[in-house]
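Enquirer: Here's a sequence, model it:
(one chain, ligands or ions: 2)
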Amino acid sequence: MGGGSSLAGLLRRSCSSRRNLSWTRYYGSRAAGCGSCGDASGELLPFSDSGLCDARFRGTAPFGMLENVVRSSLGCGSSRFGMSRGSLCARGFCSVNTSGNDATRGMSIRNSDDQAESTCSRDESRCISEIMGDVGGRDTDLRNRNALFAELDDPDHESEGDGMDRNLGSCDPRELYEELCNTEENARLAHSDLLKLQDIFRCFASSGWASNQALGIYIGKSFFPTAVHKFHEFFLQKSHADIVTYLLSLGPSDEALKFLFPIFVEHCLVMFPDEIKKFRSMIESADLTKPHTWFPFARAMKRKIVYHCGPTNSGKTYNALQRFMEAKNGVYCSPLRLLAMEVFDKVNSLGVYCSLLTGQEMKSVPFSNHVACTVEMVSTNHLYEVAVIDEIQMMADPYRGYAWTRALLGLKADEIHLCGDPSVLNMVRKICAETGDELQECHYERFKPLVVEAKTLLGDLHNVRSGDCVVAFSRREIFEVKLAIEKATKHRCCVIYGALPPETRRQQASLFNDPDSKYDVLVASDAVGMGLNLNIRRVVFYSLSKYNGDKVEPVPASQVKQIAGRAGRRGSRYPDGLTTTLQLEDLDYLIECLKEPFEEVKKVGLFPFFEQVELFAGQFANVSFAKLLERFGESCHLDGSYFLCRHDHIKKVANMLEKVPGLSMEDRFNFCFAPVNVRDPKAMYHLLRFAQAYSQALPVSIAMGIPKGSARNDTELMDLETRHQVLSMYMWLSYHFKRENFPYAKKAEVMASSIAELLGESLSKANWKPESRQGGRRKREDKPQEKQDGYKRPQSLTRLFENKRQFKPAAAPETEILSA
Ligand SMILES: Nc1ncnc2c1ncn2[C@@H]1O[C@H](COP(=O)(O)OP(=O)(O)OP(=O)(O)O)[C@@H](O)[C@H]1O
Ligand SMILES: [Mg+2]
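Expert: Ligands and ions are numbered 1, 2, ... in the order given. Below you'll find the model as predicted:
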């Protein structure tokens, strides 16, 4: 490899002559592909190439360092680094024998030119440590170790054992291990010495540093204590006089750990080859690094990526769609079914034939070359001229992010248009650099600035006006607010929230958008936050705190911006957008959120394909699928720019499906992705029933009726919502499994649209108090606060966070102009 890289050059210069290299140096040398340290392959390898980059493993750097030792020891052939054998010297020093001959085992360091010895200067070593720290993460262990190495490298430094005849601390660990193995005359140990040794080994077994280092030879964390225990037994059995004396002189200290560890490594390589092989293949099969290499066809293409980057209501999607419609063929990837339907309608109405594909429906338009789909459904097999991926910042979504990442990495399209805020711009730049795609950036400004009304609604819903969208963050609050507004004013309210089917949300949206309908106020959850074009004059935040399934916390700034940005869309009745809060006390937080710059995303989501999970499963016998997913989550390793998407809900379904025998692993995997509300026992029951029938190869029945009329109370409304979700799930399954197993898909579709209609009718009449799906199990913080005029509002939690906030606005101006 040429010396172009500064790191490589530094290392090449530094690896000159010295008997022992510290681990950091050795590792640095490997990473830089330094010929003099035995890297004959000549490639510059990033840390992640061989090391686990998951945070758990960061900075421990053992994988790369010891990989060769394991490879050669386990007969995996010579490594690409050209080292046939490596061994570790005592006290954390590493010696590498590159002569590649088993006969020379146990000899100390040789450089690749076989004689010249190499060393790094102290400064260089520190520099390398810093660079490697940057690459691999800054772990305290690594820093401590580097500090220790610096000390050990100091020629003036005398170790405690130096007073002895032979300085065991600087001996080759392989020699020591062989001496131990060959010991015939065992030393008799006093009871106190035995106790001291016990302390030392206890300290070794509980050392985070040692167990991290042991990962480098594929001794897993769960096996590490057993391995140490066996090593301890072996050590006592041998009781080599010099070694024991030396170890006792060190006592339970870091020095003792550094002395013991390389001997422990030798012991493990000899004694536990099966465990090492097993753990190694487990780790390798859970490899999620370099996701861009998963799509070789897309990599073979010369793709052009256009990033439409800007705040809400700035024309990003509009412009991307223009290019989509011009193309011979194209795909639009939507974050929501509703938005996919909107684009499907819009594009067809403009004379471009376009089909629709979501998890639940497929509307195939004859002669169409365009398709609007939900991002999870997009095919990475088709070839497109233009693809649009909307709301690209969703790559960072903890649950669904993987779908956007997959689309960006895997779509086979000549041109890919990304629409999103600036939070993932740097990430997209990085990904394009890795994939080799050309990136063009188009920056947008909001058509009209968003204006904050500083007066607020002063806590009084009487102040709601026509064109307002009141945003609340729970279904319960939405109905409370609707009830209160309709009771206290002449306004009629439409509602939009997540549990409503897209058809009903759409019906409510068009009712609100229609100036001739009597519905002039919208009460909505954050479900309005993405992409929808609504005739909203003003977004009023009923509260700015949200129950996240665990606790109530302030709504994140990015979400506040997104929702507030719904006000004043270009081309709507209200092109000038306003936003405010119900309570004066929440206003500061709203202004703070709108002013906050977009926070840069550092990691985006990934989730394994079925094939990857299947490969991983090959490592285990008789492990439940739920357990398998858990183990995958624990073992998988990712590059620093990716995280594994949360899959609690998937595990919950997997757990439930354990009761169903006869499902193949692939079937289980697919069932786990069915759209089900895991907190709704009725919906879960139906999913279980579907899986049971499917596993017995029976035609899966719907076994559910439709109520005759619209809902008369909240319980009936929730029942309708659940029934729709179950039908939607049935349709989803019919598209993801063989159609003959789900023969009633058409019927389910008809039933679902009847229920959506019933829901629409029910909402127009809804004037009842909401109930909780959890049957009254509500969090204490969520307890509403009584109001004189009959409506309730949860206590403002933003206040609790006030002290933490640094932002303190001056006296609020009448209005403030901001861009969301
Ligand atoms: N050049 C244009 N001519 C006419 N109408 C436009 C133009 N650009 C945008 N619009 C309209 O402005 C509205 C907002 O545009 P668009 O939906 O593209 O914004 P956006 O930046 O994607 O917003 P969001 O981030 O909320 O998705 C839409 O109704 C769109 O049709
Ligand atoms: Mg958009």
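
Enquirer: Next, give phi and psi for the closest residue to ligand 2 within the stretch 351-500 of the chain.
Expert: When scored by CB to the ion, the stretch 351-500 of the chain has Cys419 as its residue closest to ligand 2, at 5.2 Å. To be clear about C-beta, it is placed using only N, CA and C from the backbone, and glycine gets the same treatment. Cys419 adopts backbone torsions of phi -120, psi 130, taken as degrees, to the nearest 10.

Enquirer: I'd assumed Tyr318 was in contact with it.
Expert: No: at 9.2 Å, Cys419 and Tyr318 do not qualify as touching, with contact defined as CB atoms under 8 Å.

Enquirer: Skipping adjacent residues, who's closest to Leu411 in space?
Expert: Leaving aside its sequence neighbours, Leu411 sits nearest to Ala387 (CB to CB, 6 or more residues apart in numbering; 4.9 Å).

Enquirer: Are we agreed that that neighbour is in a strand?
Expert: Yes: looking at Ala387 with DSSP: H, G, I helix; E, B strand; the rest coil, it is inside a strand.

Enquirer: got the contact list for it?
Expert: Gly330, Val331, Tyr332, Cys333, Val378, Ala407, Leu411, Ala413, Glu415, Ile416, His417 (CB atoms under 8 Å, 6 or more residues apart in numbering).

Enquirer: where in the chain is pLDDT low?
Expert: For the chain, the stretches flagged by pLDDT under 70 are 1-166, 531-532, 771-820.

Enquirer: which other helices and strands contact whichever helix in it runs longest?
Expert: The single longest helix within the chain, with elements called by DSSP state H, is helix 714-736. Counting contacts by 3 or more CB pairs under 8 Å, 6 or more residues apart in numbering; DSSP states H and E, helix 714-736 is packed against helix 681-695, helix 745-765.

Enquirer: So what would you say the end-to-end distance of stretch 432-446 is?
Expert: Stretch 432-446 stretches 26 Å from its first residue to its last (CA to CA, to the nearest Å).

Enquirer: and it, how far out from the chain's middle?
Expert: 22 Å (CA atoms, centre = their mean, to the nearest Å).

Enquirer: Ok, stretch 558-573 next?
Expert: With CA atoms, centre = their mean, you get 28 Å for stretch 558-573.

Enquirer: Flag every residue of the stretch 501-650 of the chain that's near ligand 1.
Expert: Gly531, Asn533, Gly565, Arg569, Arg570, Gly571 (CB under 6 Å from any ligand atom).

Enquirer: And the stretch 201-350 of the chain, by the same measure?
Expert: Gly310, Thr312, Asn313, Ser314, Gly315, Lys316, Thr317, Tyr318.

Enquirer: my read: Ile478 touches Cys493, true?
Expert: No: Ile478 lies out of contact with Cys493 (CB under 8 Å); the separation is 9.1 Å.

Enquirer: For those two, indicate the residue with more neighbours.
Expert: Cys493 (28 against 23; other CB atoms under 10 Å).

Enquirer: Helices along the stretch 301-450 of the chain, start to end?
Expert: 316-326, 337-349, 401-410, 425-435 (DSSP state H, counting those that start in this stretch).

Enquirer: if we can go back for a sec, mind listing the shared neighbours of Ile478 and Cys493?
Expert: Val523.

Enquirer: residue furthest from the geometric center of the chain?
Expert: Ranked by distance from the centre of the chain (CA atoms, centre = their mean), the top residue is Glu185, with 56.1 Å.

Enquirer: which residues sit in contact with that one?
Expert: Going by CB under 8 Å, 6+ apart, the list of residues near Glu185 reads Ala241.

Enquirer: Try it again at 7 Å.
Expert: Under the criterion of CB atoms under 7 Å, 6 or more residues apart in numbering, Glu185 has no neighbours.

Enquirer: how far away is it from ligand 2?
Expert: 80 Å (CB to the ion, to the nearest Å).

Enquirer: Check Phe643 too.
Expert: Taken as CB to the ion, the span from Phe643 to ligand 2 is 25 Å.

Enquirer: go on, Ser635?
Expert: 38 Å.

Enquirer: Surely that residue is in contact with Met282?
Expert: Yes: with contact defined as CB atoms under 7 Å, Ser635 reaches Met282; the gap is 5.8 Å.

Enquirer: intersection of neighbour lists for those two?
Expert: By CB under 7 Å, 6+ apart, no residue touches both Ser635 and Met282.

Enquirer: any idea which of the residues of the stretch 201-350 of the chain next to ligand 1 has the most stuff around it?
Expert: Lys316 (27 neighbours).
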